[in-house]
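Peer 1: with the sequence up front, the predicted model follows.
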Amino acid sequence: MITPAYCLTMARYNAWQNGCLRRALSGLSPAALTEDRGAFFGSLLATANHLIWADALWLSRLTGTPVPEGGGPRGLTLCPTFATWSAERFRLDGQLLLWAEKVPALALTGSLEWTASTGERHVRPLGQVLMHLFNHQIHHRGQIHAMLTAAGIPTEDTDLLFLPEQGPWL
């Protein structure tokens, strides 16, 4: 269904777009970052923290690293400041890139098994899990982008076609 090249492209896209978000969010005050903007998770920082928590959770399932603490409402406050969020975001993007650089094609034909916080066991095709991971990132970054745009804060291009590593399009 998917290939190692797809995983690497999407991990690169994720890191690029999170870098764009870091630049857009970097000049905002703590009040602006935590202001309720009517989005699903409320604020820019809460939405960005949800992505941190979800990415760390999926990475733990993919790599066997410890499960992150604080699901649900606690996941929205994992990084209380822009500086802590930025550092953690950079670290997670690096971990995802390292994983994507090494994922073997054969692994992508298998399944991923995990136990949810409720104790329920799940088994899903790994390709489907990875599509979910990357789509989830795009979805919530889109919410952040919309909040920034509504606040009049300049944002960068989000089109995958302009991923810098892809080179010029003919």
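Peer 2: Thanks, I have it. The structure displayed is predicted, hence computed values, not measured ones.
Peer 1: which ones are touching Glu101?
Peer 2: Contacts of Glu101 were listed using Cβ atoms under 8 Å, 6 or more residues apart in numbering, and they are 8, 11. Quick note: C-beta positions are derived from backbone N, CA and C, even for glycine.
Peer 1: measure it to Ala15 for me?
Peer 2: Glu101 sits 12 Å away from Ala15, going by Cβ to Cβ, to the nearest Å.
Peer 1: same question, Ser26
Peer 2: Shown here: Ser26 relative to Ala15, a distance of 16 Å by Cβ to Cβ.
Peer 1: between those two, which is the more surrounded one?
Peer 2: Comparing Ser26 with Ala15 by neighbour count (other Cβ atoms under 10 Å), the higher total belongs to Ala15, at 20 against 10.
Peer 1: quick check: that one touching Leu98?
Peer 2: No: counting by Cβ atoms under 8 Å, Ala15 does not reach Leu98; the two are 11.0 Å apart.
Peer 1: for Ala46, give me the pLDDT.
Peer 2: Per-residue pLDDT puts Ala46 at 96.
Peer 1: for the residue nearest the centre of the chain, which non-adjacent residue is spatially closest?
Peer 2: The chain has Gln137 as the residue nearest its centroid, 4.1 Å off, counting by Cα atoms, centre = their mean. The shortest distance from Gln137 to any non-neighbouring residue, by Cβ to Cβ, 6 or more residues apart in numbering, is to Asn14 (5.3 Å).
Peer 1: before we move on, which element is that neighbour in?
Peer 2: helix 4-25 (DSSP states H and E).
Peer 1: buried ones in that helix?
Peer 2: By neighbour count on 16 or more other Cβ atoms under 10 Å, the buried set for helix 4-25 is 4, 6-22, 24-25.
Peer 1: and the next helix or strand past that helix?
Peer 2: helix 30-34.
Peer 1: quick one: the strands in this structure, in order.
Peer 2: Assigned by DSSP state E, the chain shows strands spanning 111-115, 121-125.
Peer 1: quick one, the last one and strand 111-115 angle?
Peer 2: When you say that, I think you mean strand 121-125. 160 degrees (axes from the mean of the first three to the mean of the last three Cα atoms, to 10 degrees).
Peer 1: can you list the strands that strand 121-125 pairs with?
Peer 2: Strand pairing for strand 121-125, determined by DSSP bridges: strand 111-115 (antiparallel).
Peer 1: hmm, who's touching the strand it pairs with?
Peer 2: Contacts for strand 111-115 (Cβ under 8 Å, 6+ apart): 61-62, 121-126, 129.
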